[in-house]
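> what shape does this take:
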Amino acid sequence: MTNIKLALLLLACGFTATAPAQDLAPITQDETTRIVSTLSADAMQGRASFTPGIEKAADFIQNEFQRVGLKPLPGEDDFKQTFSMYRVLPQEQEVKLNGKDVKPELVFAITDNKELEWTNNGKQKVMTVGAQDDFRAVLSELNNATQDVLVLVHPKHKDLFSRYQHYVSSGSVKKELGQSASKVFVLTDQAKATKYEVEVENKIEQLQLTNVGGMIEGKRKDEYVVFSGHYDHIGIQEPVAGDSIANGADDDAAGTTAMMMLADYYKQQPQPERSLLFVAFTAEEMGGFGSKYFSEQLNPDQIVAMFNIEMVGKPSQFGANSAYLTGFERSNLGTLMQQRLQGTTYSIHPDPYPEQNLFYRSDNATLARLGVPAHTISSVQIDKDKTYHTVKDEVSQLDMEHLTNMIKAIALASEGVVSGEDTPTRVDKSQVRQ
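From the prediction side, this is the model:
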């Protein structure tokens, strides 16, 4: 009888049997605003990789982890997980096609070699992208090329060709050199390359990248739960109304802020059952190199789940206090999160934008390829958002109440995994695109 009366009293007060017992008071809007405003300030210069701005952001995150009282990641001496990469910067590109010089603005090359010198000796494959062909599909196909390729692109594709050329001109980042097939693209109305000469010269620099990570050791110290967000962005862009800094407030200062707030929150709780890793990844915008390096430092079989957080500063299409999970169907992590949120004002939904391939466009994909239940939590309406990768992605565009509530929602939704009560199913590696 006492239990029935207590249940009735709880219902009358607006509680349910699944209502959270956690105290979310440490997650405040003021603190959320402080962190996200700092990360997306003009002083960070858009946090592009290999710039003073991202180094300043890394220092700020490290200082916050120290203040909270985290420990370094397993195997690390401090909070900065630094590694080397190669940056490849195009210098000169000369092409002579069928006896005639091609203007430099009609050429771009994708290569990790310092130099290329080609003549029509049969070693390179020659492809033609005709007026009616799908240039995007060809580019995608060539990602897996194993032979050097000279690609003749019809002038009808001039606009897309120019966009790719501009993108490639800023350089690329490689873990190793000379390991991939080279591709040289020429915009031309010629459908055959009876004779050709190609010369390409790149500048190669060995530079450092840095993840920033900390840990709360759990009772089961070798079972890991990862909370992450990428702290890099795209830096300085062409000025728009005098503004050239792409601040990256939603992408992904918001997600990084959520990860940092969760570190502070969980540090104030009793020791968790599983060890919690909090990581700010670098170089997500350049190909996910930070998460790739991180994944190589741990045994993926010991990683129980990854809550990657990306662009959670604006309400989702599902309304206030809601978000979606990319790759929802690939494990039951999303279902476990939904169960934990029952009886609350928060909700998590399957990704409503499957055509956008969001599952593969953030750092979760690296660990998912290793079988980890690794998903990205997001709320951005990616099909409508006008500030994505622009200088308009500023803190003034964020909904601070929503962002703060998203952090609270993730704290509630992750509790079962953190406490060891919930263990999500593994991702089928054979079903994840490499």
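> dump whichever helix in the chain runs longest to PDB, restricted to CA.
Counting by DSSP state H, the longest helix found in the chain is helix 52-68. Backbone C-alpha positions of helix 52-68 (Å, rounded to 0.1, in the frame of the first residue of the first chain) are rendered in PDB as follows:
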ATOM      1  CA  PRO A  52      48.000  29.700 -34.100                       C
ATOM      2  CA  GLY A  53      44.200  29.900 -33.600                       C
ATOM      3  CA  ILE A  54      43.800  26.100 -33.200                       C
ATOM      4  CA  GLU A  55      46.800  26.000 -30.900                       C
ATOM      5  CA  LYS A  56      45.100  28.700 -28.700                       C
ATOM      6  CA  ALA A  57      41.900  26.600 -28.700                       C
ATOM      7  CA  ALA A  58      43.900  23.500 -27.600                       C
ATOM      8  CA  ASP A  59      45.500  25.400 -24.800                       C
ATOM      9  CA  PHE A  60      42.100  26.600 -23.600                       C
ATOM     10  CA  ILE A  61      40.600  23.000 -23.700                       C
ATOM     11  CA  GLN A  62      43.700  21.700 -21.900                       C
ATOM     12  CA  ASN A  63      43.300  24.300 -19.100                       C
ATOM     13  CA  GLU A  64      39.700  23.400 -18.700                       C
ATOM     14  CA  PHE A  65      40.500  19.700 -18.300                       C
ATOM     15  CA  GLN A  66      43.100  20.600 -15.700                       C
ATOM     16  CA  ARG A  67      40.600  22.800 -13.900                       C
ATOM     17  CA  VAL A  68      38.000  20.000 -13.800                       C
END
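> packing partners for it?
Here helix 52-68 touches helix 29-39, strand 196-216, helix 255-267, strand 274-281, going by 3 or more C-beta pairs under 8 Å, 6 or more residues apart in numbering; DSSP states H and E. Every C-beta, even on glycine, is put in place using the N, C-alpha and C of the backbone.
> show me what the helix or strand that the last one is followed by is packed against.
Moving toward the C-terminus from strand 274-281, the first helix or strand encountered (DSSP states H and E) is helix 289-295. Secondary structure elements in contact with helix 289-295, counted by 3+ C-beta pairs under 8 Å, 6+ apart, are strand 80-97, strand 196-216, strand 220-230, strand 274-281, helix 364-368.
> returning to that earlier point: nearest to Phe318, of the helices and strands packed on helix 52-68?
Distance to Phe318, taken as C-beta to C-beta, is lowest for helix 255-267 among these, at 17.7 Å.
> sorry, back to before: of the helices and strands packed on helix 52-68, which is nearest Ser414?
Using C-beta to C-beta, the helices and strands packed on helix 52-68 put helix 255-267 closest to Ser414, at 7.8 Å.
> tilt between that closest one and strand 220-230?
Orientation of helix 255-267 against strand 220-230 (axes from the mean of the first three to the mean of the last three C-alpha atoms, to 10 degrees) gives an angle of 150 degrees.
> who's in contact with helix 255-267?
Identification of contacts with helix 255-267 by C-beta atoms under 8 Å, 6 or more residues apart in numbering yields 24, 26-27, 31-32, 35-36, 39, 61, 64-65, 68-70, 214, 216, 227-231, 272, 276, 278-280, 308-312, 403, 406-407, 410-411, 414, 418.
> roughly how far is it from the heart of the chain?
17 Å (C-alpha atoms, centre = their mean, to the nearest Å).
> can you tell me the closest non-neighbouring residue to Glu259?
If you look again at residue 259, you'll see it is Met, not Glu. Spatial nearest neighbour of Met259, chain neighbours left out: Gly229 (4.4 Å); criterion: C-beta to C-beta, 6 or more residues apart in numbering.
> one step back: name only those of the contacts of helix 255-267 that count as buried.
Buried members of the contacts of helix 255-267, scored by 16 or more other C-beta atoms under 10 Å, are 26-27, 31-32, 35-36, 39, 61, 64-65, 68, 70, 214, 216, 227-231, 272, 276, 278-280, 308-312, 403, 406-407, 410-411, 414, 418.
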